[in-house]
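Peer 1: Sequence and predicted model, in that order:
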Protein chains: 2
Amino acid sequence: MRMPTTTSKGRGELALINRIRRRADKASGSGLSLGIGDDCALLRLKPGEEAAVTTDLSIEGRHFRLDLHPPESIGHRALARGLSDIAAMGARPVAAFLSLGAPSELTLPSLPKTPAWIDGFLDGFLTLAHKHKTPLAGGDLAQSQIAIADIVLIGAVPRRKAFLRSGAKPGDLLYVTGSLGGSSLGLRQLGSPGISPGDLAPHLWPQPRIDQGLWLQRKHAASAAIDISDGISTDLHHLCEESGVSGEVQSSCLPIFPGASLEDALNGGEDYELLFTAHPNTRIPRKIVGVPVTRIGVITKFRKANPRVLLVDAFRRSKPMKPLGWEHFRAATPE
Amino acid sequence: MRMPTTTSKGRGELALINRIRRRADKASGSGLSLGIGDDCALLRLKPGEEAAVTTDLSIEGRHFRLDLHPPESIGHRALARGLSDIAAMGARPVAAFLSLGAPSELTLPSLPKTPAWIDGFLDGFLTLAHKHKTPLAGGDLAQSQIAIADIVLIGAVPRRKAFLRSGAKPGDLLYVTGSLGGSSLGLRQLGSPGISPGDLAPHLWPQPRIDQGLWLQRKHAASAAIDISDGISTDLHHLCEESGVSGEVQSSCLPIFPGASLEDALNGGEDYELLFTAHPNTRIPRKIVGVPVTRIGVITKFRKANPRVLLVDAFRRSKPMKPLGWEHFRAATPE
């Protein structure tokens, strides 16, 4: 982490940087040879591995709202987005980096002895990082008019073994982990009185499927994968387009989160589940490392005249599944 | 690069992403096995190398101003900050990532057939990336109330050979590349009438010293290094503190940019030159890959009672060199 100068930063900010550094040092990583404190961090991969790199930008008013989202959830979600990309490649996380811009009132406690907003953010971020053995290895810190967090995840995966969006073949079966639509449902209910924490959990605390991605990687079980960030309707389109194939989804098979609608499940986004394909001869269990896995459809040959993805109901009636995933937050909280 | 959905983004933004992808594809890299278009990019290092990773956040109103800085310079400077960190480790750049937040008026042309602000930004970014054979391998894009650019640089360096801030020993000599204070001078003159482009160049187009860092690496010539981003007064303090040593700088030896003051040179920052130490028996030439190198002082033993860094004048009078480097932009443009 770039250590800003003692003179240009207030005591509060310098203290904060030291606090981050101290807390970050606690997380141990299996590939980090130099963490926060120099011009760069240094990482080592194992022989035969390649690095998987992803960045995700979370912006106040766009990806979260300070009046609706607890700071711990904002930190958790910022990191979860990146970990989910690592999971989709079947990679193991090696290190995370955090570039944080925030107005000074968020970095200072509002009352003496109460934690500042940023401490809550770091709690959420570092708790999830610790869970997935991902050290915070560096980043940058700056004052900003609005709160922004850009995170970088570095993962490692055996060469040529990463799951790509482009590997699906006609005949492959289509699977999804966990359940869909819960994040969309939770966002809609956020701030309403009397909502149970369980209903909000998929939105506030999405769980990146690192262990499931690694299981699939070890078993060479998936032919293609993507994480569901924009909504399965859109993300399945991405996967099919990159693979040059089409897809058919059985709507009755979709693992919809209790209380969520089909619309939430298809287009809601931010579920951070894995959508993957596997050869029909590959045995995929009903649970992977404790998380349910559901077969939801099949990959078919692409024909120009036909829709890219079909949604088929229990009476075998089909209609095109349009890529209607949206920037979730914007749609649910009109400005 | 995360490809936002076709439905959630306007045509302008989708077109922009495709434009970035097309332009980014042109840059060829020596370690990039998968670029923009999947959940992660994939990078390969050579046997015996480790990865050097740095992130740098540039924020409108803090690191640049839309009314003062040409968009090409903002893109150039955002990338130069990261490349300079790579140079300070003696690493070779492998790939860059760009997370960009911008108000929609910056991504759309203000007049038909005129380029949008973001095109200028990308011109500056990609021209510098091309010069240092650094492919743009991914990133993220989002609408934001203010313009922000977080860049990530991944470099590669032989294991255990990276230059650290912590390697300086008493007796080592202290060197700096190029000249100091030019960025501070240029910033002061920015927007004034009749200023020559040459006077503004150090501020608008700082040159990261990648080739010089690689030369020092190949020759095993440096014992410690840091890039001068905050001002030599502050960055030399960082280097001395991390190495547990003290430093003495001869003020008459400092390579001050013509027209800049001693204050600019010591505390101005954003020069992005390399400050490095070398054993007295190591021969350091006066130029490295075309850039002048100046011996400016010596590393001494640290004693608690003495100042960390001394500034010595031509009459051998010395005074403490305080770490007065500042967040340059804020000081020069009071809010």
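Peer 2: Perfect, thanks for sending it. Numbers count the residues shown, from 1 in each chain, chains lettered A, B, ... in the order given.

Peer 1: which stretches of the stretch 101-250 of chain A form helices?
Peer 2: Counting by DSSP state H, counting those that start in this stretch, one finds helices in the stretch 101-250 of chain A at the ranges A:104-107, A:117-131, A:182-189, A:197-204, A:210-218, A:232-243.

Peer 1: Against which helices or strands is the fifth one packed?
Peer 2: Using 3 or more C-beta pairs under 8 Å, 6 or more residues apart in numbering or on different chains; DSSP states H and E as the contact criterion, the neighbours of helix A:210-218 among helices and strands are helix A:71-88, strand A:92-102, strand A:274-278, strand A:287-288, strand A:291-301. No exception for glycine: its C-beta is placed from N, CA and C like everyone else's.

Peer 1: Would you format the ones you listed as CSV with mean pLDDT and distance to residue B:127 included?
Peer 2: CSV is the format used below for the helices and strands packed on helix A:210-218 (pLDDT from 0 to 100; distance: least, C-beta to C-beta, whole Å):
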stretch, mean pLDDT, distance to residue B:127
helix A:71-88, 97, 29
strand A:92-102, 94, 23
strand A:274-278, 98, 38
strand A:287-288, 98, 46
strand A:291-301, 98, 42
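
Peer 1: Residue A:119 and chain B, how far apart?
Peer 2: 20 Å (C-beta to the nearest C-beta, to the nearest Å).

Peer 1: burial measure for that residue, as a count.
Peer 2: 20 (other C-beta atoms under 10 Å in any protein chain shown).

Peer 1: which one is residue A:303 nearest to, not counting chain neighbours?
Peer 2: residue A:246 (7.2 Å; C-beta to C-beta, 6 or more residues apart in numbering or on different chains).

Peer 1: just residue A:174 next, same as before
Peer 2: Nearest to residue A:174 is residue A:297, by C-beta to C-beta, 6+ apart, at 4.1 Å.

Peer 1: end-to-end on stretch A:49-69?
Peer 2: 37 Å (C-alpha to C-alpha, to the nearest Å).

Peer 1: So which residues on the stretch 151-300 of chain A come close to chain B?
Peer 2: Within reach of chain B by C-beta under 8 Å from any C-beta of the partner chain, the stretch 151-300 of chain A has these residues: A:152-155, A:157, A:159, A:162, A:164-166, A:225-227, A:229-231, A:234, A:238, A:242.

Peer 1: taking those residues one by one, which sit in strands?
Peer 2: Among these, the ones falling in strands (DSSP state E) are A:152, A:153, A:154, A:155, A:157, A:225, A:226, A:227.

Peer 1: Residue B:152 is in contact with the first one, correct?
Peer 2: Yes - A contact is recorded between residue A:152 and residue B:152 when judged using C-beta atoms under 8 Å, the distance being 5.1 Å.

Peer 1: Quick check: neighbours shared by those two?
Peer 2: Common contacts of residue A:152 and residue B:152 (C-beta atoms under 8 Å, 6 or more residues apart in numbering or on different chains): A:53, A:55, A:97, B:53, B:55, B:97.

Peer 1: Pull out the buried residues from the residues of the stretch 151-300 of chain A next to chain B.
Peer 2: A:152-155, A:157, A:162, A:164-166, A:225-227, A:229-231, A:234, A:238, A:242 (16 or more other C-beta atoms under 10 Å in any protein chain shown).

Peer 1: Look up the closest residue to the spatially most central residue of chain A, ignoring the ones flanking it.
Peer 2: In chain A, the C-alpha nearest the mean C-alpha coordinate belongs to residue A:81, at 2.5 Å (C-alpha atoms, centre = their mean). In space, residue A:81 comes closest to residue A:56 once its chain neighbours are excluded; the distance is 4.2 Å by C-beta to C-beta, 6+ apart.

Peer 1: The one you found falls within a helix, correct?
Peer 2: No - according to DSSP: H, G, I helix; E, B strand; the rest coil, the state of residue A:56 is strand, so it is not within a helix.

Peer 1: for it, what are its contacts?
Peer 2: Contacts of residue A:56 (C-beta under 8 Å, 6+ apart): A:78, A:81, A:82, A:85, A:150, A:151, B:2, B:99, B:140.

Peer 1: Kindly report the same for residue A:152.
Peer 2: A:53-55, A:82, A:96-99, A:139, B:53, B:55, B:97, B:152.

Peer 1: Try it again at 6 Å.
Peer 2: Neighbour list for residue A:152: A:55, A:97, B:55, B:152 [criterion: C-beta atoms under 6 Å, 6 or more residues apart in numbering or on different chains].

Peer 1: surely the residue nearest to residue A:174 meets residue A:246?
Peer 2: No - counting by C-beta atoms under 6 Å, residue A:297 does not reach residue A:246; the two are 10.4 Å apart.

Peer 1: Looking only at neighbour counts, state which of those two leads.
Peer 2: Counted by other C-beta under 10 Å, residue A:297 and residue A:246 do not tie: residue A:297 has more neighbours, with 24 against 21.

Peer 1: Beta-bridge partners for residue A:152, please?
Peer 2: For residue A:152, the beta-bridge partners are residue A:55, residue A:97 (DSSP bridges).

Peer 1: So it versus residue A:297, what's the distance?
Peer 2: Relative to residue A:297, residue A:152 is positioned 33 Å away (criterion: C-beta to C-beta, to the nearest Å).

Peer 1: same thing with residue A:74?
Peer 2: On the measure of C-beta to C-beta, residue A:74 and residue A:297 end up 34 Å apart.

Peer 1: Compute the number of surrounding residues for the nearest residue in space to residue A:234 that is not next to it in sequence.
Peer 2: In space, residue A:234 comes closest to residue A:325 once its chain neighbours are excluded; the distance is 3.2 Å by C-beta to C-beta, 6+ apart. For residue A:325, the neighbour count with other C-beta under 10 Å is 27.

Peer 1: for residue A:239, what are its contacts?
Peer 2: Listed by C-beta under 6 Å, 6+ apart, the contact set of residue A:239 reads A:165, A:224, A:226.

Peer 1: thought the first one was touching residue A:242?
Peer 2: Looking back up the chat, that one is residue A:165. Yes - counting by C-beta under 6 Å, residue A:165 does reach residue A:242; the two are 3.9 Å apart.

Peer 1: got any ranges where chain A has weak pLDDT?
Peer 2: A:1-15, A:25-29, A:326-335 (pLDDT under 70).

Peer 1: and with 80 instead?
Peer 2: Residue ranges of chain A with pLDDT under 80: A:1-30, A:109-113, A:326-335.

Peer 1: Could you count how many residues lie near residue A:156?
Peer 2: Applying other C-beta under 10 Å, I find that residue A:156 has 24 neighbouring residues.

Peer 1: how close does it get to residue A:44?
Peer 2: Residue A:156 is 9 Å from residue A:44, where distance means C-beta to C-beta.

Peer 1: With residue A:247 instead?
Peer 2: Distance from residue A:247 to residue A:44, by C-beta to C-beta: 39 Å.

Peer 1: More neighbours: which of those two?
Peer 2: Shown here are residue A:247 and residue A:44; by other C-beta under 10 Å, residue A:247 has more neighbours (27 against 18).
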